[in-house]
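[1] Sequence plus the predicted model coming up.
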Amino acid sequence: MSAVDVGGPAQPLLTVRGLVKHFPLKKDVLGRGGGVVRAVDGIAFDIRKGETLGVVGESGCGKSTTARLLMHLIAADRGDLTFDGETVAGAALPLKQFRRQAQMVFQDSYASLNPRLTMEDSIAFAPQVHGASRQAAVARARDLLARVGLEPSRFAGRYPHELSGGQRQRVNIARALALQPRLVILDEAVSALDKSVEAQVLNLLLDLKQEFGLTYLFISHDLNVVRYMSDRVMVMYLGQVVEIGASEALFSEPAHPYTRALLSSIPSLDPDRRTEQPPLAGDPPDPINPPSGCRFHPRCKHAEVVCAQRSPALLPVAAGQVVACWMHVAGSGHSAAPVAAACGSELSP
Ligand SMILES: Nc1ncnc2c1ncn2[C@@H]1O[C@H](COP(=O)(O)OP(=O)(O)OP(=O)(O)O)[C@@H](O)[C@H]1O
Ligand code: SF4
Ligand SMILES: [Mg+2]
């Protein structure tokens, strides 16, 4: 059985606040360079119980760093993580206990598996470390192999090099489920697979989510796949979150200019609607020296003076949708912003 739902369904499974990770850069022999890569630069979001939260953004925007921070695979410079109401790595939820409940599946199916362990032993390893008997751990490993579509009598004794990429990724998913986690972070977990195998593994993930009551954080560069999998989507740009919204609303009416540009890069299936114009000009700027104000301003066709001067906060624009853009903030000084509400004293009788 999975761990108990401590705070009830309305309490987010994971709450992330003020998360920061800067990687220091080495100086060269002449003392030049140094500085820091602002890989994750003050992000806040919730993962709700039972949802799939998709994460999108160009290469280098901080998706994997965020995932590794959530898993405590690397230490954050700042920030608070709360898992079902309890501080992660605090007195009530020590790291070992948290790690049982949160698991991660990576892109590289081969590197994630120990070449000297059979599939059965790979899956049974973590439960044994956490105190399960060998017999119980192996029985669960075989059960999980069957659940991910790999007949135990054929696959339990095989080694990683004896499997295809898709089969290995099924084993990695089984291994992630061996400790009965509540949260599974999938970082480009299907990106290396052929399209037909990818579709099978995506559907397997959806089935397992239903069966085990899982919550997913789903990172992918493939926007169509994110749309298919996610209940909500978070858009990152240069180490920050620029928009979060319900998947269908965000894909049909993106509010942030970066989200709009990113989504218009999805190739349309309709040849009449295909565009030759690149939606996003230039490479993303350097995360070592990010632009002032709104980090997207050098590439944004709506940029105005205020955009280079001040950084917009993530604010609600509609039910369930938050956006960081001055165009959506009344009285921000951006010409497209709504007019600020009249002040109360003028309206009073
Ligand atoms: N260990 C590290 N040391 C220094 N810089 C790092 C390290 N890990 C990541 N970075 C930098 O941090 C930034 C964010 O990297 P990250 O891997 O989180 O991006 P990503 O969004 O996952 O990209 P991709 O889509 O290519 O996987 C990048 O500029 C990257 O070069
Ligand atoms: S704040 Fe300004 S630069 Fe940034 S996305 Fe909005 S309009 Fe563009
Ligand atoms: Mg990555």
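    Looks like it arrived, so ask away. Residues are numbered from 1 along each chain as shown. Ligands and ions are numbered 1, 2, ... in the order given.
[2] I would like the residues contacting stretch 160-169, please.
    105, 109-110, 112-115, 119, 122, 150, 155, 171, 189-190, 192-194, 197, 200-201 (CB atoms under 8 Å, 6 or more residues apart in numbering). In short, each C-beta sits where N, CA and C put it, glycine included.
[3] residues of it that come out buried?
    By neighbour count on 16 or more other CB atoms under 10 Å, the buried set for stretch 160-169 is Pro160, Leu163, Gly166, Gln167, Arg168, Gln169.
[4] Could you list which of the residues you listed belong to helices?
    Those of the buried residues of stretch 160-169 mapping onto helices are Gly166, Gln167, Arg168, Gln169, per DSSP state H.
[5] quick one on the thing from earlier: turn the buried residues of stretch 160-169 into JSON lines, columns for distance to Ala92 and pLDDT.
    Shown next, in JSON lines, are those (distance: CB to CB, whole Å; pLDDT from 0 to 100):
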{"residue": "Pro160", "distance to Ala92": "37", "pLDDT": "96"}
{"residue": "Leu163", "distance to Ala92": "40", "pLDDT": "96"}
{"residue": "Gly166", "distance to Ala92": "40", "pLDDT": "93"}
{"residue": "Gln167", "distance to Ala92": "39", "pLDDT": "95"}
{"residue": "Arg168", "distance to Ala92": "36", "pLDDT": "95"}
{"residue": "Gln169", "distance to Ala92": "34", "pLDDT": "94"}
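[6] Closest to ligand 2 out of those?
    Nearest to ligand 2 out of the buried residues of stretch 160-169 is Gln169 (CB to the nearest ligand atom; 36.3 Å).
[7] just to revisit the earlier point, which pair of the buried residues of stretch 160-169 spans the longest distance?
    Greatest spacing in these, by CB to CB: Pro160 and Gly166 (12.8 Å).
[8] how about the residues of this protein near ligand 3?
    Lys63, Ser64 (CB under 5 Å from the ion).
[9] following the longest helix seen in the chain, which helix or strand shows up next?
    Longest helix in the chain by number of residues, with DSSP H as the criterion: helix 195-212. Using DSSP states H and E, the next helix or strand after helix 195-212 towards the C-terminus is strand 215-219.
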